[in-house]
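Asks: Here is a sequence with its predicted model. Questions after.
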Amino acid sequence: MFIIEGDKLVREALNDKANSRFKIHSIYGLDSWLDQNQEIISPYLEITEQINSKELGQISNLKTPNRALAIIHLVYPDFKAINTQYDRLIGLDNIQDPGNMGTIIRLADWFGIKDILLSPGCADPYNPKVVQATMGSIFRVKMHQIDLEAWLEKIPEGFPVYGAILNGENIYNKKLSKNGIILFGNESQGLSAEIERLVSEPITIPRGDKSDYRPESLNVSVALGVILSEFSRQNS
């Protein structure tokens with residue numbers, strides 16, 4: 001199971017009746033929160049418990065507990081066959097920072113990407129810090145923890161494998177397809193050699209400042225947002 005906290009996340013989970021991947025185990029809320037959300041908690045009264053501020057503080061992972069908390073049954077979705085003509089996926093290679101992982105899930109949701117493939121070295125997508133950073137997107141984006149290298153070696157013909165690397169081709173000079181998988185590597189080391197060798201379309205974000213005084217690289221979640229935006233612009 002995993003924990004979700006705060007008014008927004010708990011309400012998103014309770015309103016997400018169309019998403020059968022997750023089942024609510026239990027709900028804990030302050031009296032004021034329960035009163036304000038009687039309609040959405042009515043189907044869950046048997047698993048809902050009123051608690052006080054002190055009790056919420058004792059079970060919360062947050063420095064400032066936020067009125068409600070729920071426990072959700074953990075479900076690992078099966079990865080179905082991809083549509084090689086239209087599907088666009090994200091592949092993450094050893095992304096270890098929970099904040100980055102949560103932001104990436106939220107960005108994927110914004111740009112309509114439904115599936116993210118995670119290598120074994122990635123942060124747990126259901127870590128409380130990751131879940132909090134997704135702001136509810138965790139319920140709409142499927143996270144697949146797989147052997148990414150083995151999966152890429154069996155990639156269907158005609159399905160592009162993009163890789164975000166520093167010496168890749170400028171994304172603004174390159175025609176980006178509506179399908180494919182886009183790979184992003186570790187925050188400090190980039191894509192591993194095992195994954196980078198499987199990239200067929202290396203891409204990069206051009207630097208704006210050509211001077212010697214500049215960052216070595218972009219934060220991975222920032223880079224992902226810029227790249228997804230360009231994919232979306234070209235294929236809107």
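Replies: Thanks, I have the structure now.
Asks: list the buried ones in the helix or strand of the chain with the lowest mean pLDDT?
Replies: Confidence across the helices and strands of the chain bottoms out at helix 7-15, with a mean of 90, counting by mean pLDDT, DSSP states H and E. By neighbour count, with 16 or more other C-beta atoms under 10 Å as the criterion, the buried positions of helix 7-15 are 9-14. The way it works is simple: take the backbone N, C-alpha and C, and place the C-beta from them, glycine included.
Asks: Adding distance to Glu39, write those out as a markdown table.
Replies: Formatted as a markdown table, the entries for the buried residues of helix 7-15 read as follows, by distance: C-beta to C-beta, whole Å:
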| residue | distance to Glu39 |
| --- | --- |
| Leu9 | 18 |
| Val10 | 14 |
| Arg11 | 11 |
| Glu12 | 15 |
| Ala13 | 15 |
| Leu14 | 10 |
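Asks: per-residue confidence averaged over stretch 117-126?
Replies: Model confidence over stretch 117-126, given as mean pLDDT, is 94.
Asks: Likewise for stretch 226-236?
Replies: 95.
Asks: Tell me which residues are up against the top helix by length along the chain.
Replies: Looking across the chain with DSSP state H, the single longest helix is helix 220-234. Outside of helix 220-234, the residues within contact range by C-beta atoms under 8 Å, 6 or more residues apart in numbering are 88, 90, 95, 97, 99-100, 103-104, 107-108, 111-113, 164, 171-172, 175-176, 182, 184-187, 203, 205, 217-218.
Asks: With adjacent residues omitted, what lies nearest to the residue nearest the centre of the chain?
Replies: Central residue check for the chain by C-alpha atoms, centre = their mean: the C-alpha nearest the mean position is that of Ile105, 1.8 Å away. With sequence-adjacent residues excluded and distances taken as C-beta to C-beta, 6 or more residues apart in numbering, Ile105 is closest to Thr134, at 4.5 Å.
Asks: ok, the one you found touching Trp110?
Replies: No - shown here, Thr134 and Trp110 do not form a contact pair, counting by C-beta atoms under 8 Å, at 11.1 Å.
Asks: Give me the more crowded residue out of the two.
Replies: Neighbour count, other C-beta atoms under 10 Å: between Thr134 and Trp110, Thr134 has more, with 25 against 13.
Asks: For the more buried one, which residues are in contact?
Replies: Taking C-beta under 8 Å, 6+ apart as the definition, contacts of Thr134 comprise 102, 105-106, 109, 141.
Asks: if we can go back for a sec, so what strands line up beside the following helix or strand past the least confident helix or strand of the chain?
Replies: For helix 7-15, the following helix or strand on the C-terminal side (DSSP states H and E) is strand 24-29. The pairing partners recorded for strand 24-29 under DSSP bridges are strand 48-50 (parallel), strand 68-72 (antiparallel).
Asks: which other residues reach strand 24-29?
Replies: 1, 10, 13-14, 37, 41, 44, 47-51, 55-56, 59, 67-73.
Asks: if you set the cut-off to 6 Å instead, what comes out?
Replies: Taking C-beta atoms under 6 Å, 6 or more residues apart in numbering as the criterion, the residues outside strand 24-29 that touch it are 1, 44, 47-49, 51, 68-71, 73.
Asks: sorry, back to before: put the buried members of the contacts of helix 220-234 into a PyMOL selection.
Replies: Applying 16+ other C-beta under 10 Å to the contacts of helix 220-234 leaves a buried subset, and the PyMOL line that selects it is:
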select buried, resi 88+90+95+97+100+103+104+107+108+113+164+171+176+182+184+185+186+203+205+217+218
